[in-house]
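[1] Pasting the sequence and the predicted model now:
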Amino acid sequence: MNFAHDTEESLVAAVELVNSAEEPDTLIEIDQLAAFFDKNDYTGVFSGDAAELAAVRALRAPLRRMLTSDRDTATRLVNETLATHRAVPQLVRHGDVDYHIHAVPPEAPFPVRIAVETAMALIDLIRADELSRLSICADIGCEGIVLDLSRNRSRRYCSTACGNRNAVAAYRARKIMITRAEGMDR
């Protein structure tokens, strides 16, 4: 299923933010917050101070709950987020980006924009009954969130590192089995 460009961007950013809390924490410095802001093409106010960093870091747990909940719970959390921040969806366009939805004004604090944009993106997943596009990483030692936007729903790992680690482990296990099987043949 294809989602609107802004929906996908918001989901990718939300998953990246939530996964930044996994060890090692990758959102501990203001420079890392600025890089997150730039990488995910956020617009509006960005103060880039310690208070904003703390507020964005504090969003990770509530967004994790929102992204990993069942459909009814996710709906409740989305509605609560939108009501709390008095979100009023509007079509806007800026720069090279054609019409898309913003639900808070550009002067809204960055953490508020993240929360509302995530909630707005989840509306599309909930309405399409596609929350299964979000899951927990298949790597046993990882709790990262996986956003699977592939056509065949084949994504299992939250990052290339987790996928590679599991591929190497599977390769080594096969090598051991082959070595043992060859030893038994003698």
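    Done, it's in.

[2] outside of the top helix by length along the chain, which residues touch it?
    Criterion DSSP state H: the longest helix present in the chain is helix 160-184. Helix 160-184 is touched from outside by C137, A138, D139, C142, G144, R156, Y157, with contacts defined as CB atoms under 8 Å, 6 or more residues apart in numbering. Backbone N, C-alpha and C define where each C-beta goes, glycine included.

[3] just how off-centre is it within its chain?
    30 Å (CA atoms, centre = their mean, to the nearest Å).

[4] before we move on, what about stretch 170-186?
    That offset, for stretch 170-186, works out to 39 Å (CA atoms, centre = their mean).

[5] Can you mark which positions in it are buried?
    For stretch 170-186, the buried set under the neighbour-count rule, 16 or more other CB atoms under 10 Å, is empty.

[6] tell me the mean pLDDT for that stretch?
    Throughout stretch 170-186, pLDDT has a mean value of 74.

[7] Only alpha carbons, please: show it as CSV.
    What follows is stretch 170-186, C-alpha atoms only, in CSV (Å, rounded to 0.1, in the frame of the first residue of the first chain):
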residue,chain,number,x,y,z
ALA,A,170,22.7,-17.7,10.5
TYR,A,171,25.8,-18.2,8.2
ARG,A,172,27.9,-19.3,11.2
ALA,A,173,25.2,-21.7,12.4
ARG,A,174,25.0,-23.2,8.9
LYS,A,175,28.8,-23.6,8.8
ILE,A,176,28.8,-25.3,12.2
MET,A,177,26.1,-27.7,11.0
ILE,A,178,28.0,-28.5,7.8
THR,A,179,31.2,-29.1,9.8
ARG,A,180,29.4,-31.4,12.2
ALA,A,181,27.7,-33.2,9.4
GLU,A,182,31.0,-33.7,7.6
GLY,A,183,32.5,-35.0,10.9
MET,A,184,29.8,-37.6,11.3
ASP,A,185,30.3,-38.9,7.7
ARG,A,186,33.9,-40.0,8.6
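
[8] picking up where we left off before, what subset of the contacts of helix 160-184 is buried?
    Taking 16+ other CB under 10 Å as the criterion, what is buried in the contacts of helix 160-184 is C137, D139, C142, G144, Y157.

[9] In a markdown table: those residues, plus distance to R64.
    Formatted as a markdown table, these follow (distance: CB to CB, whole Å):
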| residue | distance to R64 |
| --- | --- |
| C137 | 13 |
| D139 | 17 |
| C142 | 13 |
| G144 | 10 |
| Y157 | 17 |
